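Asks: Make a model of this:
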Amino acid sequence: MKDLRFGLCCIFRAAPIKFKTTTARILSALTKEQQLQKVSKICLHNVESLLLSLEYADCLSIGAFRILSPIFPRFTHPDVGYTLKELPDGKTIRKRLADIKSFKEERDIRLSFHPDQFIVLSSPKPQVVKSARRELNYQAMVAKAVGADVINVHLGGAYGDKTAAMKRFAKVFRSLRKDVRQRLTLENDDRTYTVKDLYALCMEEGIPLVYDVHHHRCLPDGLSVEQATKLAVETWQQVNREPYFHISSPKNGWATEVDNRPHADFIEATDFPSEWLNLAATVDVEAKAKELAVVNLMSDLKKLIKS
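Replies: Next up is the predicted model:
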């Protein structure tokens, strides 16, 4: 367990650190100058909050942090989007991004992004793919500035033919910007694509697979947790990078007659795969209690190992 780093996802439950946002509707009612002034203040607040988040996470021995995708809200919006150069606080924002990268490197905190579900590179609709490209380019820009090495996505829907959808994904992936391709990872989901589905694609295209064990338990594919872990690790080894996993526990328990997909506030230590304990890997804790759940899981696992 000494080589595992545990990750916090985006926000805090107890710590008074908040991120701000705005909507396209609010911005569209303003003049361009007013829009830029408003988003500039929000963006500056958010990068300062991100630095505070990493400092606080480090105090809790949390070794990874997932950055909110809209840290620069509406950045890619076709009507009210903007660039950092346009913002009144642009230079200060860039300085804070550099500060975040320096702190991340000094304290060895792994940073990642997990774009929203509307980022679908396998869609048969060109406009959906175009929008996804634009969003991934933005996230890669921020990721590069702060030193994040993972932008994790789901493959998307099957659209009646999973094989064809995966081929579309591969074709689009090859055409992405290099800074996006270098960071893009694929995660097994709980409705359509399993580890078994994604493994060959990941190996062929050099895409690391983020193994979500909760999703695997909700959508089994005949692989054991040990087998799925081994396959996922192989996809990271071929690109010489540290594996990444997700852990969560079901809010409604594992009974067959209930929906197992919603996340619980905390993680049951017995849900944590023993196969992961001796790996050098990152594990994002996807739980409603946020940092409280991460700290609680680390403590419970130490007790479990001692017993």
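Asks: Can you report phi and psi for the residue nearest the centre of the chain?
Replies: The centroid of the chain falls nearest to His114 when counting by C-alpha atoms, centre = their mean (2.7 Å). Phi and psi for His114, reported as degrees, to the nearest 10, are phi -140, psi 90.
Asks: where's the closest residue to it other than its chain neighbours relative to Cys218, distance?
Replies: Using C-beta to C-beta, 6 or more residues apart in numbering and skipping the chain neighbours, the partner closest in space to His114 is Asn152 (4.8 Å). Where C-beta positions appear, they are placed from N, C-alpha and C, glycine not excepted. For Asn152, the distance to Cys218 equals 18 Å [C-beta to C-beta, to the nearest Å].
Asks: So for those two, which residue has more residues nearby?
Replies: Asn152 (21 against 16; other C-beta atoms under 10 Å).
Asks: which residues sit in contact with that one?
Replies: Residues near Asn152 by C-beta atoms under 8 Å, 6 or more residues apart in numbering: 112-115, 184-187, 210, 244.
Asks: Among these, which pair sits farthest apart?
Replies: Pro115 and Tyr244 (14.9 Å; C-beta to C-beta).
Asks: in the protein, which spans are helices?
Replies: 24-28, 32-59, 90-107, 126-146, 162-174, 178-181, 195-205, 213-218, 225-237, 291-306 (DSSP state H).
Asks: Which one of those lies nearest to Phe12?
Replies: helix 291-306 (5.2 Å).
Asks: before we move on, back to that, run through the bridge partners of the residue nearest to His114.
Replies: Thr185 (DSSP bridges).
Asks: Point to the helix or strand of the protein where mean pLDDT is at its lowest.
Replies: When each helix and strand of the chain is scored by mean pLDDT, DSSP states H and E, helix 291-306 comes last, with a mean of 93.
Asks: which other residues reach that helix?
Replies: Outside helix 291-306, the residues that touch it by C-beta under 8 Å, 6+ apart are 1, 6-8, 12-15, 56-57, 60-62, 247, 265-267, 269, 272, 277, 285, 287, 289.
Asks: same deal with stretch 11-20?
Replies: Contact with stretch 11-20 is made by 42, 45-46, 49-50, 52-53, 56, 68, 71, 73, 288-293, as judged by C-beta under 8 Å, 6+ apart.
Asks: Give me the buried subset of those residues.
Replies: Neighbour counting with 16 or more other C-beta atoms under 10 Å marks 42, 46, 49-50, 53, 56, 68, 71, 73, 289-293 as buried within the contacts of stretch 11-20.
Asks: Can you get me the start-to-end distance on stretch 263-276?
Replies: Taking C-alpha to C-alpha, to the nearest Å, stretch 263-276 runs 20 Å from one end to the other.
Asks: who are the neighbours in contact with the residue nearest to Ala289 when sequence neighbours are not counted?
Replies: Nearest residue to Ala289, sequence neighbours excluded (C-beta to C-beta, 6+ apart): Asp265, at 4.3 Å. Neighbouring residues of Asp265 by C-beta under 8 Å, 6+ apart: 251, 287-289, 293.
Asks: Quick one, grab the pLDDT at Asp265.
Replies: Per-residue confidence at Asp265 stands at 96 (pLDDT).
Asks: try Gly253
Replies: According to the prediction, Gly253 has pLDDT 86.
Asks: Would you mind measuring from it to His215?
Replies: Distance check for Gly253 against His215: by C-beta to C-beta, it reads 17 Å.
Asks: ok, these two, which is more surrounded?
Replies: His215 (23 against 10).
Asks: quick revisit: just the buried residues from the contacts of helix 291-306, in ChimeraX please.
Replies: The ChimeraX selection below is limited to those of those classed as buried (16+ other C-beta under 10 Å):
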select :6,7,8,12,15,56,57,60,62,247,266,267,269,272,285,287,289
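Asks: Please narrow the contacts of helix 291-306 to those residing in strands.
Replies: 6-8, 247, 285 (DSSP state E).
Asks: what residues are up against Glu205?
Replies: Taking C-beta under 8 Å, 6+ apart, we find Glu205 in contact with 170, 173-174.
Asks: Actually, Val120.
Replies: Here Val120 is in contact with 128-129, 132, 154, 156-157 (criterion: C-beta under 8 Å, 6+ apart).
Asks: Alright, calling it a day.
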